[in-house]
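J.: Structure for this input, please:
(chains A and B)
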Amino acid sequence: MATQVFKIADTFRKDAKYTFCPGCDHGVAIRLVAEVLDELGLRDNAIVAAAIGCSVTIYDFLNIDALESPHGRAMAEATGIKRARPDKFVFTYQGDGDFASIGLAESMHAALRGEKLSAICINNTTYGMTGGQLGPTTLVGQVTTTSPTGRNLEYYGYPIKIAEHIALCDGTAFSARVSLDTVANIRKAKQAIKKAFEVQMKGLGFGFVEILSSCPTNWRMTPEQAHDRVRNEMMEVFKPGIYKDITEN
Amino acid sequence: MVAECVENKKVLIKGNFAIAQAAINAGCECYFGYPITPQSEIGEFMSGKMQELGRAYVSAESELAAINMVLGACSTGVKAMSSSSSCAVALMQEALSYATADELPVVLVSVMRGGPGLGNIYPSQGDYFQSTKGGGNGDYKLIVLAPSTVQECADLTYKAFYLAQKYKNPTVLLADGLLGQMMEPVEFKPYPYPEIDNSSWALTGAKGRDGRIIRSYAPLADNQCEFLEKLYEKYRKIEENETEWEEIGTEDADIVLVSFGSTSRNVKTAAKLCRQKGLKVGVFRPITLFPFPNKRLNELADRVKKFITVEVNMGQMVNDVKLAVNGKAPVELIHKGVGAPPSPEDIMSQIEELI
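T.: Numbers count the residues shown, from 1 in each chain, chains lettered A, B, ... in the order given. As a prediction, the model looks like this:
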């Protein structure tokens, strides 16, 4: 007798075409979001505020209502949606540039207000869609198209540890950092996304997950090398873990 | 300071409060704002009243956030607004461009103050260009309504919500510091317009249907050409149906004074003074700045000898009057950079110099 080992989430658009680069972790991250929406029964009630960058194409993959936002403003759009329709499940799917550089004010203040929202932030240490420039999370020493000799602190300053900052906001109910470099870590990532969604459903506050992701194209690496980099370089600085969970007390 | 809608009953009220009260009467469900003089009373009024009514008020972290929250709320089909002034409305231009592309019924109250830069808090009409020409990117139009009295502040706020919904296009109520701070008697009638059904496009959760996407990202050039043609077809329809203006004494006028907003009040008095001196002077007041009453101005130009625009800026609307008149008659400008409008006597003496 055949056993089903994999099912494409119902929330996935049936006509979706894979548009990310080979080895990019967006595909896995979006699959996890779709599965969690399925499992929590949220598909019919969900609205996503899409961002700018590679993450904008979330609406090509998820068969849910979606509003595109200007660069950095997804948390503001999400706030507007949630305040207008408090009964809806509202989340954002943003890159680190969108969430923590141009949109840092919107992100921090949504967390400080304790908006009943969930946010997924893909951290790949670069601006992906525009060709791999230095971003707010670019690691010290990392070579990008706008840090040709590497990020040196004197010249460029420090990268931001997003999950830790969001955890400091009093309105945050859940903040975690996860990675997608191994099957075990993908499972942990899914649990974190679920938790970030559940705190909104329970009306507890702001739920946040930072996902460490590969960007083989802009890192000039093979997918395998890229995941090695996530493990050996990114996770050394951006430590995975749960930084705040008010349901644990 | 809450004024009920009572027929034939007038209340003495500031322009900013009249706008806020009218927004509430119009069914505005969400207000998002950030303080700036000379319109802060709108947010102050809303903060208490919206909470009391169980509606949404958010003190946003910036004008960028405030206007984007309006986009978010509007995407779900509810009536939502923000209000601001000049240098802060400048911060909202990107979102207004998005809202035209997303076809969202955003309402923005813009209470003009002096510029450029931080400028000052005196009244001004220096944001005529900002509202009608757009500070955002791409080809788009905002519907722009220009009140000249506190009563009109209320009436045109109703209309702003209606037109925004009817055409799914961001709509600006363009007032100024004088109107915002001035008290005048106002009668609040109930919201006079029909409610627009938005169930075919609003984001409500995709139960029983495919997910809807409200987006402006158009990776293919051909699709974008098609979209822009459609958008401009809508603007032509707005021009056809919604152009509004007021005319006084234009039937026999040799000279027509063109003026909008608070400035037009002194202009009307100036025209009367001119008439007393035997000068045939009329007044033309655009109420909608987009759509601009081009057609009517062009008709008038067949027999009017001279147009003179009067503005509190360095000369902005005068350009549109010239385009409308299209060389049929000379178009002159009387202006003052910033502050209260020139007095009727001052306007009259400048008219005498120009003829």
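
J.: Not counting its neighbours along the chain, what's nearest residue A:53?
T.: Excluding the flanking residues, the one nearest residue A:53 by CB to CB, 6 or more residues apart in numbering or on different chains is residue A:95, at 4.3 Å. (C-beta placed from N, C-alpha, C; glycine too.)

J.: quick one: that neighbour and residue A:50 touch, right?
T.: No - if you go by CB atoms under 8 Å, residue A:95 and residue A:50 don't touch, sitting 10.9 Å apart.

J.: ok, those two, which is more surrounded?
T.: The neighbour count for residue A:95 versus residue A:50, taken as other CB atoms under 10 Å in any protein chain shown, is higher for residue A:95 (30 against 26).

J.: ok, what's across the strand from that one?
T.: residue A:122 (DSSP bridges).

J.: list the contacts for it?
T.: If you count contacts by CB atoms under 8 Å, 6 or more residues apart in numbering or on different chains, residue A:95 has them with A:51, A:53, A:54, A:55, A:121, A:122, A:123, A:124, A:127, A:128.

J.: Of the residues you listed - the most surrounded one?
T.: residue A:51 (31 neighbours).

J.: how close does that residue get to residue A:95?
T.: Residue A:51 sits 6 Å away from residue A:95, taking CB to CB, to the nearest Å as the criterion.

J.: mind checking pLDDT for the nearest residue to residue B:100 once chain neighbours are set aside?
T.: In this structure, residue B:100 finds its nearest non-sequential neighbour in residue B:140, 3.8 Å apart by CB to CB, 6+ apart. If you check residue B:140, the pLDDT there is 97.

J.: Please tell me how far residue B:140 sits from residue B:94.
T.: Computed as CB to CB, the residue B:140 to residue B:94 distance reads 12 Å.

J.: Then residue B:105?
T.: 18 Å.

J.: check contacts around the residue in chain A that chain B sits nearest to.
T.: Among all residues of chain A, residue A:80 sits closest to chain B, at 2.4 Å; criterion: CB to the nearest CB. If you count contacts by CB under 8 Å, 6+ apart, residue A:80 has them with B:30, B:32, B:68, B:69, B:70, B:71, B:72, B:73, B:74, B:75, B:80.

J.: So it, which state does it fall into?
T.: Following DSSP: H, G, I helix; E, B strand; the rest coil, the label given to residue A:80 is helix.

J.: now it, nearest residue through space, not along the chain?
T.: residue B:72 is the one closest to residue A:80 (CB to CB, 6+ apart), at 2.4 Å.

J.: where's that neighbour, which helix or strand?
T.: Counting by DSSP states H and E, the element that carries residue B:72 is helix B:63-75.

J.: Adjacent strands (with direction) for whichever helix or strand comes after that helix?
T.: Following helix B:63-75 in sequence order, the next helix or strand is strand B:80-84 (DSSP H and E). Applying DSSP bridges, strand B:80-84 is found paired with strand B:30-33 (parallel), strand B:107-114 (parallel).

J.: And the average pLDDT for the first one is what?
T.: This points to strand B:30-33. 98.

J.: Quick one: residues in contact with it.
T.: A:80, A:83-84, B:23, B:42-43, B:46, B:50, B:55-60, B:65-67, B:69-70, B:73, B:78-84.

J.: and stretch A:95-104, how far from the chain's centre?
T.: 11 Å (CA atoms, centre = their mean, to the nearest Å).

J.: swap in stretch B:107-114?
T.: For stretch B:107-114, the distance to the chain centre is 8 Å (CA atoms, centre = their mean).

J.: Repeat that for stretch B:136-156.
T.: That offset, for stretch B:136-156, works out to 1 Å (CA atoms, centre = their mean).

J.: Give me every residue in chain A lying close to chain B.
T.: A:13, A:43-47, A:49-50, A:56, A:59, A:62-70, A:72-73, A:75-85, A:88-89, A:105-106, A:109, A:113 (CB under 8 Å from any CB of the partner chain).

J.: What confidence value was assigned to the closest residue to residue A:20 other than its chain neighbours?
T.: If the residues on either side of it in the chain are set aside, residue A:20 comes closest to residue A:26, at 4.7 Å by CB to CB, 6+ apart. We have a pLDDT of 97 for residue A:26.

J.: For residue A:26, give me its contacts.
T.: A:20, A:54, A:55, A:122, A:213.

J.: same check, this time on residue A:84
T.: Here residue A:84 is in contact with B:29, B:30, B:56, B:72, B:73, B:76, B:78, B:80 (CB under 8 Å, 6+ apart).

J.: My guess is residue B:254 contacts residue B:275. True?
T.: No - taking CB under 8 Å as the definition, residue B:254 is not a contact partner of residue B:275, at 11.3 Å.

J.: so what's in contact with those two at the same time?
T.: residue B:281.

J.: re the thing from before, just the buried ones among the contacts of strand B:30-33, please.
T.: A:80, A:83-84, B:23, B:42-43, B:46, B:50, B:55-58, B:60, B:65-67, B:69-70, B:73, B:78-84 (16 or more other CB atoms under 10 Å in any protein chain shown).

J.: On the three-state scheme, residue B:138 is what?
T.: coil.

J.: With residue B:339 instead?
T.: Secondary structure assignment for residue B:339 (three-state DSSP): coil.

J.: what's the span of stretch B:72-85 from first residue to last?
T.: The first residue of stretch B:72-85 is 21 Å away from its last residue (CA to CA, to the nearest Å).

J.: for stretch A:157-177, same thing?
T.: Between the opening and closing residues of stretch A:157-177 lies a distance of 22 Å (CA to CA).

J.: Now it: buried residues?
T.: Per 16+ other CB under 10 Å, stretch A:157-177 contains these buried residues: A:159-167, A:169, A:171-177.

J.: next one: stretch B:230-245
T.: Buried residues in stretch B:230-245, counted by 16+ other CB under 10 Å: B:231, B:235, B:238, B:239, B:242, B:243, B:245.

J.: Make sure I have this right: the fourth one is in a strand.
T.: No - for residue B:239, which was evaluated using three-state DSSP, the result is helix, with no strand membership.

J.: give the contact list for the closest residue to it other than its chain neighbours.
T.: The shortest distance from residue B:239 to any non-neighbouring residue, by CB to CB, 6+ apart, is to residue B:291 (4.0 Å). Shown in contact with residue B:291 (CB under 8 Å, 6+ apart): B:143, B:235, B:238, B:239, B:242, B:243.
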